[in-house]
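Visitor: Take a look and give me a structure for this.
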Amino acid sequence: MLGPRATRSETVGPPGAVGAPSTVGDATAAVDAFLASYLDDRLQEARQMDAVFAEEVAGRVAAFVLRGGKRLRTAFVWCGWLAAGRGGDPGTPVRIGAALELLQACALVHDDVMDGSPVRRGAPAVHADFARAHREAGLRGSAASYSATAAVLAGDLALAWADDLLTETALAAPHGDRLHREWRAMRSEMVAGQYLDLRAQATGSSDGDEARTIATLKSALYTVERPLALGAVSAAADARATDALRSAGRCAGLAFQLRDDLLGAFGDPALTGKPAGEDLSGRKLTYLLAVAVRRATETGDMEGLAVLGPDQADHTEEGVDRMRAALEATGARAVVEDEIAALAASSVRHFAAGAADASARREFASLVERAVGAAPAPDREGA
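Guide: Predicted coordinates for the structure are as follows:
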């Protein structure tokens, strides 16, 4: 019988609790099931505080998290746990994956506010939904100001829930101090990357090294490297194995961000679930843009520089189309494609160096291919 303070999410384990998830799909399903229960508990708590808060803020956060996404961070946590030998409680990587999905929700909600993006995961972004509700209810004041502020609060709530879950998990884990150190570093890295991204846009930077630093801090570390390390730590991995996974994650994470940059410029919104061209219309510093500017400078392509430079003022659809054409004409798109393939291959080699078994190597290689859209070179030993 549960004690009076126990909730369902505190007792739930992964489906089939007799063993660990056996595939990436099983791991994702386990995290989704845990999230559904965990968020139901949080919503019950919110209703006890205030019905309006529960419906309009907590409810929106829960719905956004459960709407899905790629669940890549969940999958990489599981791969890190596999690579480290599957030790300890298999529920620990499930809970870590769930905490990462909540952290991702915070990042996306805030990112959409900062970028003014109206769509996320094929539906109105959280701030856009708040604006709709403001208008339909005939509330006073600016719908734009209200919706941005409310969405910031919603993102903050997702972060609080993520921190609570990770802390509870770490306190119950044998290596909880190491889990918490990884988590703490990851949160600061995310903020640093987001700020540097904002600052580079404001300065009009075209620097390639700066673009890679932003891509690493803003995305690569918390998408792949830290999740792999968190999974490995939950299985008591030693320093050598964890370092190999960090190297694998850094390469795969950077490849993931470079692919995201390409999709942001050339992707189909029906497939990506978000508008195309926003990075271009806002002239965000991406590695793709930096490569194009460098190559245009080297070849004396003044037309390309005029279209891609910081003084480019045409933010219309036609202006974005001209920027896309320049990215193609300078060869930047092809260069980035080659870089993605090279990083994916390096990632798989680093992963194998950590002594992961053949099944773990196959799972990781398949996951990297799904994440970055490029098949790594075969791992002959684990083929």
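Visitor: Could you count how many residues lie near residue 122?
Guide: Neighbouring residues of residue 122 were enumerated by other CB atoms under 10 Å; the total is 13. Every C-beta, even on glycine, is put in place using the N, C-alpha and C of the backbone.
Visitor: And it, its phi and psi?
Guide: phi 70, psi 10 (degrees, to the nearest 10).
Visitor: Based on its surroundings, how many neighbours for residue 32?
Guide: Other residues near residue 32 come to 19 when the count uses other CB under 10 Å.
Visitor: so which strand or helix has it?
Guide: Using DSSP states H and E, residue 32 maps to helix 24-49.
Visitor: helices and strands around that helix, which ones?
Guide: Helix 24-49 makes packing contacts with helix 8-11, helix 59-66, helix 72-83, helix 91-115, helix 143-172, helix 358-372 when contacts are defined by 3 or more CB pairs under 8 Å, 6 or more residues apart in numbering; DSSP states H and E.
Visitor: Turn those into a markdown table, columns for mean pLDDT, distance to residue 225 and mean neighbour count.
Guide: Converted to a markdown table, these look like this (pLDDT from 0 to 100; distance: least, CB to CB, whole Å; neighbours: other CB atoms under 10 Å):
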| stretch | mean pLDDT | distance to residue 225 | mean neighbour count |
| --- | --- | --- | --- |
| helix 8-11 | 46 | 27 | 14 |
| helix 59-66 | 97 | 23 | 20 |
| helix 72-83 | 94 | 9 | 29 |
| helix 91-115 | 96 | 12 | 24 |
| helix 143-172 | 97 | 17 | 19 |
| helix 358-372 | 92 | 13 | 20 |
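Visitor: now the spatially closest residue to residue 53 that is not a sequence neighbour: how far from residue 68?
Guide: Among residues not flanking residue 53 along the chain, residue 46 sits closest, at 5.9 Å (CB to CB, 6 or more residues apart in numbering). Residue 46 sits 22 Å away from residue 68, taking CB to CB, to the nearest Å as the criterion.
Visitor: Mind checking which of the two has more residues around it?
Guide: Between residue 46 and residue 68, counted using other CB under 10 Å, residue 46 has the larger neighbour count: 20 against 13.
Visitor: list the contacts for that one?
Guide: Residue 46 makes contact with 53, 54, 57, 58, 59 under the criterion CB atoms under 8 Å, 6 or more residues apart in numbering.
Visitor: what's the answer for residue 308, then?
Guide: 206, 289, 292, 293, 296, 323, 326, 327.
Visitor: Which residues does stretch 174-181 contact?
Guide: Stretch 174-181 has contacts (CB under 8 Å, 6+ apart) with 88, 96, 166, 167, 169, 170, 173, 230, 233, 234, 236.
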